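A.B. asks: Build me a structure from this.
(2 chains)
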Amino acid sequence: MSAHPVPIAHPMHELKYESISPSMGRVGMWAFLASEIVTFGGVVCSYLLLRLCHPEWIQHSSKTLLPIGAINTVVLLTSSLTMVLAHHSAELKNVAATKKWLACTLLLGLLFLCFKGYEYTHEIENGYLPNTAVFWAFYFAMTGLHGLHVLAGLVTMAYLLIAIKEDYRLTAVAPVGLYWHFVDLVWIFLFPLLYVTTQGA
Amino acid sequence: MEATAKHAEHGIGRYVVVWAILLTLLVVSLFLGHLSNVYLMNALVFGVALIKASLVVTYFMGIRMEPKVIVVTLIITVLFMVGLLAGVSPDVTFNPSAAPTPL
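C.D. replies: Sure, this is the predicted structure:
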């Protein structure tokens, strides 16, 4: 018996997802994440260097909402746990459990965006806009880019929730899980950069 | 079958323990944010962030089970990023008009 899944015949001669082995999906996602490291790394490094040059930014950076940032960190860390449980269930080919944990991750991701929306509203109402100061330009660029990644993850998970059937699309949970953990990973660094180390003013 | 179920339970338990450690480290970093020595505070807070990141990469992303080529590719990417940062940092470190200050 071949180790690789047999491609499924299709009227349009397209290769369906089942022809791609799980490891190929993971390798593709790792390659994508490597490019994402450079994307986020570039903006974070630029922020770090400029921040070191501009001590006066503390006037702006101390205005970020630490409690909301901390709650959002708990939400994202918990969503990483539910995602890894979804992946675990998918490995065991337990469709019901996979869907249950994916739905939990989806809800936690939505909760994260709700808190972020509240935070943005609070900041904009207080006059902190991307053109207020360079700090706020970085803040909105970094958290906005991260928020877009969260949104993309949520759309993918919503699709998976609909598409997953017995032995169908279960292999897609692993690469989507990798992506979601990366989103969590980025936040692990954004949180101290924008919230924790800025409160000492 | 029973062995598989036990293995599955063991795996879930490990994930929950890692999640609990991550939450504990979050609380630790919040306390560290109140240190009066800002240099020490920055170093410790980012140190904790690095520990949290390595836990996520190791246990949630399962990097240990990936082929070496993936690990090497990711390490090279991170090194490039650090190299770029180091390459432009002299402007901050040696420019008297832009002396480094605590974050």
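A.B. asks: give the contact list for B:V71.
C.D. replies: Taking C-beta atoms under 8 Å, 6 or more residues apart in numbering or on different chains as the criterion, B:V71 is in contact with B:I63. The way it works is simple: take the backbone N, C-alpha and C, and place the C-beta from them, glycine included.
A.B. asks: Compute the distance between it and A:V44, please.
C.D. replies: 22 Å (C-beta to C-beta, to the nearest Å).
A.B. asks: Looks like A:L108 contacts A:T78 (just checking).
C.D. replies: Yes: applying C-beta atoms under 8 Å as the test, A:L108 and A:T78 come out as touching, 5.8 Å apart.
A.B. asks: who touches both of those two?
C.D. replies: Residues touching both A:L108 and A:T78 by C-beta under 8 Å, 6+ apart: none at all.
A.B. asks: If we ignore the residues flanking it in sequence, what's nearest A:L66?
C.D. replies: A:Y195 (5.0 Å; C-beta to C-beta, 6 or more residues apart in numbering or on different chains).
A.B. asks: Settle this for me: that neighbour is touching A:K63, isn't it.
C.D. replies: No: judged on C-beta under 8 Å, A:Y195 makes no contact with A:K63 at a distance of 10.7 Å.
A.B. asks: Can you tell me the element residue 80 falls in?
C.D. replies: Since no chain was named, I'll use chain A. Per DSSP states H and E: A:S80 is located in helix A:66-91.
A.B. asks: please go with chain B instead
C.D. replies: Assigned by DSSP H and E, B:F80 belongs to helix B:68-88.
A.B. asks: If you count neighbours, what's buried in that helix?
C.D. replies: B:70, B:73-74, B:77, B:81, B:85 (16 or more other C-beta atoms under 10 Å in any protein chain shown).
A.B. asks: filter those residues by proximity to chain A?
C.D. replies: Checking the buried residues of helix B:68-88 against chain A by C-beta under 8 Å from any C-beta of the partner chain, the ones in range are B:70, B:73-74, B:77, B:81, B:85.
A.B. asks: Any idea which residue is closest to the centre of chain B?
C.D. replies: Geometric centre of chain B, nearest residue: B:L50, 2.3 Å, by C-alpha atoms, centre = their mean.
A.B. asks: would that one count as being in a helix?
C.D. replies: Yes: according to DSSP: H, G, I helix; E, B strand; the rest coil, B:L50 belongs to a helix.
A.B. asks: Return the residues in contact with A:I188.
C.D. replies: By C-beta under 8 Å, 6+ apart, the contact list for A:I188 reads A:73, B:49, B:52-53, B:56.
A.B. asks: Compare A:Y195 and A:K63 (neighbour count), which wins?
C.D. replies: Neighbours around A:Y195 and A:K63, counted as other C-beta atoms under 10 Å in any protein chain shown, are more numerous at A:Y195. The numbers are 24 against 19.
A.B. asks: Please report phi then psi for that one.
C.D. replies: The phi and psi values for A:Y195, taken as degrees, to the nearest 10, are phi -120, psi -60.
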